[in-house]
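**Q** The amino acid sequence is not available; the structure is as follows:
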């Protein structure tokens with residue numbers, strides 16, 4: 001793998017590499033801004049709906065619509081954004097997406113400050129954010145492995161996850177507490193953070209792009225990336241496990257419902273609910289940056305997803321704020337455990353010239369599980385109530401683990417992150433000549 005910064009040893013710590021430091025700062029600033037915005041978008045949507053006379057169920061349906069409007073652009077554009085990440089400068093593409101998100105923050109800040117905020121504005125911005133995030137994910141995910149030597153990639157992934165999780169902690173804190181001071185402040189701060197992210201991306205040195213196949217048409221390239229995912233049972237199993245588990249058990253869309261009407265803790269309590277899983281995830285990611293997992297990675301990933309589902313069930317039933325926060329902490333820690341293993345497996349089992357497209361497929365499933373899961377949770381809450389919706393989702397996640405351990409036995413038998421030398425040349429061997437994923 002080519003690395004743009006000279007490293008003093010074959011296994012330098014990622015933070016000793018300038019390009020990775022800039023990437024880490026950019027992702028941290030962007031994530032802080034994103035999660036501050038997303039929290040307040042959901043809070044404003046729910047409160048506008050409730051203050052307008054809607055019932056809890058009807059207002060939950062508005063949260064479902066916000067999730068759907070963010071998911072549809074991601075679903076439609078992600079295959080093409082993955083191709084763009086493999087064809088164009090990944091750093092420049094990431095910069096453009098951050099600029100678009102900065103514009104969204106500016107619009108929401110002005111609308112909130114002027115009193116023009118309403119459901120129509122929130123819905124419109126949700127669509128644009130979906131477009132921006134659809135292109136940002138593949139570009140930035142595919143960029144990271146080009147910044148560090150391959151032997152330290154799992155550590156870099158853990159550190160990158162820390163920036164994401166710290167952003168998920170700080171973002172809701174900024175959003176909730178700044179909103180309590182002045183409703184427009186979260187968006188103003190988000191604009192400043194997006195600007196920092198753009199500058200940090202600009203400071204990354206030139207990163208070589210993978211060679212293009214001149215004989216392959218764009219649609220053929222997209223199909224080729226999807227075919228790789230389908231044929232590689234390790235990658236397919238890891239991606240779809242997250243898709244179904246988080247899609248079913250995603251409770252984050254219903255945090256405004258719990259904060260206002262179940263736990264009755266207001267916007268500051270909403271911030272705490274959003275921060276709790278991020279704190280659990282950040283602590284877990286920090287641990288992995290110093291003590292990476294080395295053995296039984298597949299079974300551990302399955303176990304983490306099962307714990308994620310069980311903790312979600314308890315959270316759904318809780319009417320105690322301390323118990324709710326504890327369960328959400330466990331949810332975040334278990335999710336990070338799974339994310340760390342899954343992302344390491346996907347990146348190390350994918351050749352560089354396909355990383356953008358494979359990352360786009362991964363992003364599509366993440367979006368389906370997050371934004372699509374928000375739509376599912378909100379819709380289910382509209383039909384059967386928020387508590388029953390969260391509990392049913394947690395049960396669904398546990399059932400998914402049991403099913404995937406049988407449908408994808410490679411997940412149960414994978415011992416380490418290292419793929420066999422010939423796997424990247426012929427991904428179909430995962431299911432043929434390497435019944436255990438080729439891992440020992």
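**A** Here it is on my side, so go on. Please read all numbers here as calculations on a predicted model, not as lab measurements.

**Q** Which stretches in the stretch 251-400 of the chain count as helices?
**A** Applying DSSP state H, counting those that start in this stretch to the stretch 251-400 of the chain gives helices spanning 255-257, 266-290, 297-317, 321-348, 355-384, 386-407.

**Q** Mean neighbour count, those: which tops it?
**A** Ranked by mean neighbour count under mean count of other Cβ atoms under 10 Å, the helices of the stretch 251-400 of the chain are led by helix 255-257, which reaches a mean of 26. In this view, the C-beta of every residue, glycine as well, is placed from N, C-alpha and C.

**Q** was I right about residue 338 contacting residue 305?
**A** Yes: between residue 338 and residue 305 there is a contact at 5.2 Å, judged by Cβ atoms under 8 Å.

**Q** Need the residues touching each of the two.
**A** By Cβ atoms under 8 Å, 6 or more residues apart in numbering, residue 338 and residue 305 have these common neighbours: 241-242.

**Q** Just name the shakiest helix or strand of this protein by mean pLDDT.
**A** helix 218-231 (a mean of 58; mean pLDDT, DSSP states H and E).

**Q** Tell me how far stretch 323-343 lies from the chain's centre.
**A** On the basis of Cα atoms, centre = their mean, to the nearest Å, stretch 323-343 sits 13 Å off its chain's mean C-alpha point.

**Q** Quick one: residues in contact with it.
**A** By Cβ under 8 Å, 6+ apart, the list of residues contacting stretch 323-343 reads 154, 157-158, 161, 165, 238-239, 241-242, 246, 251, 258, 263, 272-273, 276-285, 288, 293, 297-298, 300-301, 304-305, 307-308, 311-312, 314-315, 318.

**Q** Which other helices and strands does the longest helix anywhere in the chain contact?
**A** In the chain, assigned by DSSP state H, the helix with the most residues is helix 18-51. Here helix 18-51 touches helix 56-87, helix 90-114, helix 119-143, helix 153-181, helix 185-202, helix 255-257, helix 266-290, going by 3 or more Cβ pairs under 8 Å, 6 or more residues apart in numbering; DSSP states H and E.

**Q** Please convert these to TSV, extending it with distance to residue 387.
**A** Shown next, in TSV, are the helices and strands packed on helix 18-51 (distance: least, Cβ to Cβ, whole Å):
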stretch	distance to residue 387
helix 56-87	11
helix 90-114	30
helix 119-143	25
helix 153-181	22
helix 185-202	28
helix 255-257	9
helix 266-290	15
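
**Q** Give me whichever of those is most buried.
**A** helix 255-257 (a mean of 26).

**Q** So which of the helices of the stretch 251-400 of the chain is nearest residue 77?
**A** Closest of the helices of the stretch 251-400 of the chain to residue 77 is helix 355-384, at 9.1 Å (criterion: Cβ to Cβ).

**Q** quick check: mean pLDDT across the closest one?
**A** On average, the pLDDT along helix 355-384 is 70.

**Q** do stretch 270-282 as well
**A** 85.

**Q** Any chance you could list what contacts that stretch?
**A** With contacts defined as Cβ under 8 Å, 6+ apart, stretch 270-282 is touched by 35, 39, 43, 161-162, 165-169, 171-173, 175-177, 252, 255-256, 258-260, 263, 265, 321, 324-326, 328-336, 339.

**Q** picking that back up, can you tell me which of the helices of the stretch 251-400 of the chain comes nearest to residue 103?
**A** Relative to residue 103, the nearest member of the helices of the stretch 251-400 of the chain by Cβ to Cβ is helix 355-384, separated by 19.7 Å.

**Q** how far out from the middle of the chain is the longest helix of the chain?
**A** That offset, for helix 18-51, works out to 12 Å (Cα atoms, centre = their mean).

**Q** Quick check: which ranges of the stretch 101-250 of the chain have low pLDDT?
**A** 138, 142, 165, 207-235 (pLDDT under 70).

**Q** again, only using 50
**A** 215-218 (pLDDT under 50).

**Q** gap between residue 400 and residue 243?
**A** Going from residue 400 to residue 243 by Cβ to Cβ, to the nearest Å gives 9 Å.

**Q** Then residue 313?
**A** For residue 313 relative to residue 243 (Cβ to Cβ), the value is 20 Å.

**Q** hang on, residue 32 packs against residue 192?
**A** No: if you go by Cβ under 8 Å, residue 32 and residue 192 don't touch, sitting 9.9 Å apart.

**Q** Which residues are in contact with the closest residue to residue 100 other than its chain neighbours?
**A** Leaving out its chain neighbours, the residue that sits closest to residue 100 by Cβ to Cβ, 6 or more residues apart in numbering is residue 132, at 4.1 Å. By Cβ under 8 Å, 6+ apart, the residues touching residue 132 are 97-98, 100-101, 104.
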